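**Student:** sequence-free structure coming up:
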């Protein structure tokens with residue numbers, strides 16, 4: 001049986017993150033240039049293979065100064081490491097429309113296992129006859145695990161940027 005190929009619908013997808021700043025507020029950001037490729041045995045996404053890449057220079061937080069810092073060697077080092085990459089290892093059902101996606105994330109030159117909670121919202125044909133699949137994705141990584149170690153101590157204690165980065169994405173795939 002041949003596998004089904006799925007491509008990212010960029011107009012209906014987004015990849016966002018949140019990081020605690022000064023231990024009191026969250027700063028939000030996103031990647032504006034990313035891609036997802038998936039193959040599955042059928043439209044029910046049994047045994048899928050999923051790959052995600054994001055252009056690290058496409059990071060956007062609403063502050064040009066902060067974005068430039070994030071692209072620098074203190075964080076992503078976008079000139080040397082232009083992409084971050086995720087490749088799935090398993091996709092298992094945990095409930096009705098709920099899954100756990102496990103795989104390897106590569107940021108800079110560090111590869112670590114990560115897990116994401118997935119809500120598969122189902123399948124739908126668009127008005128032009130294209131089959132689409134929708135997914136909501138949540139997860140968390142420790143940025144220091146990937147060599148993103150820059151920080152500054154606060155006078156009152158604590159640090160400027162938390163180690164935990166919360167990830168969430170809305171992904172719509174189109175059957176090729």
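**Tutor:** Looks like it arrived, so ask away. The structure displayed is predicted, hence computed values, not measured ones.
**Student:** what's next to stretch 110-121, contact-wise?
**Tutor:** 45, 86, 89, 91, 94, 97-105, 133-139, 141, 145-147, 167 (Cβ atoms under 8 Å, 6 or more residues apart in numbering). All C-beta spots, glycine's among them, are computed from the backbone N, C-alpha and C.
**Student:** Just give me how far it sits from the chain centre.
**Tutor:** 8 Å (Cα atoms, centre = their mean, to the nearest Å).
**Student:** residues of it that come out buried?
**Tutor:** In terms of neighbour count (16 or more other Cβ atoms under 10 Å), stretch 110-121 has its buried residues at 114, 116, 118, 119, 120.
**Student:** And stretch 169-176, by the same measure?
**Tutor:** 169, 171, 172, 173, 174, 175.
**Student:** what's the answer for stretch 10-29, then?
**Tutor:** In stretch 10-29, counting by 16+ other Cβ under 10 Å, buried: 13, 15, 17, 18, 19, 20, 27, 29.
**Student:** what's the helix or strand for the residue most central in space within the chain?
**Tutor:** The chain has residue 15 as the residue nearest its centroid, 5.6 Å off, counting by Cα atoms, centre = their mean. Assigned by DSSP states H and E, residue 15 belongs to strand 14-21.
**Student:** In this protein, what residue spans correspond to strands?
**Tutor:** Ranges of strands in the chain, per DSSP state E, are 4-8, 14-21, 25-31, 34-40, 49-55, 59-60, 83-95, 98-107, 110-125, 131-142, 161-175.
**Student:** The first one pairs with which strands, and in what direction?
**Tutor:** Sheet pairing for strand 4-8, assigned by DSSP bridges, gives strand 34-40 (antiparallel), strand 161-175 (antiparallel).
**Student:** can you put these in JSON lines and add mean pLDDT and distance to residue 74?
**Tutor:** What follows is those, written out as JSON lines (pLDDT from 0 to 100; distance: least, Cβ to Cβ, whole Å):
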{"stretch": "strand 34-40", "mean pLDDT": "94", "distance to residue 74": "22"}
{"stretch": "strand 161-175", "mean pLDDT": "89", "distance to residue 74": "10"}
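**Student:** any chance of these in TSV, plus distance to residue 110?
**Tutor:** Below are these laid out as TSV (distance: least, Cβ to Cβ, whole Å):
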stretch	distance to residue 110
strand 34-40	19
strand 161-175	14
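**Student:** Among the ones you listed, single out whichever gets nearest to residue 82.
**Tutor:** strand 34-40 (12.3 Å; Cβ to Cβ).
**Student:** what ranges of the chain fall below the confidence cut-off?
**Tutor:** 1, 21-22, 24, 151-161 (pLDDT under 70).
**Student:** do that again at 50, thanks
**Tutor:** Across the chain, nothing is flagged by pLDDT under 50.
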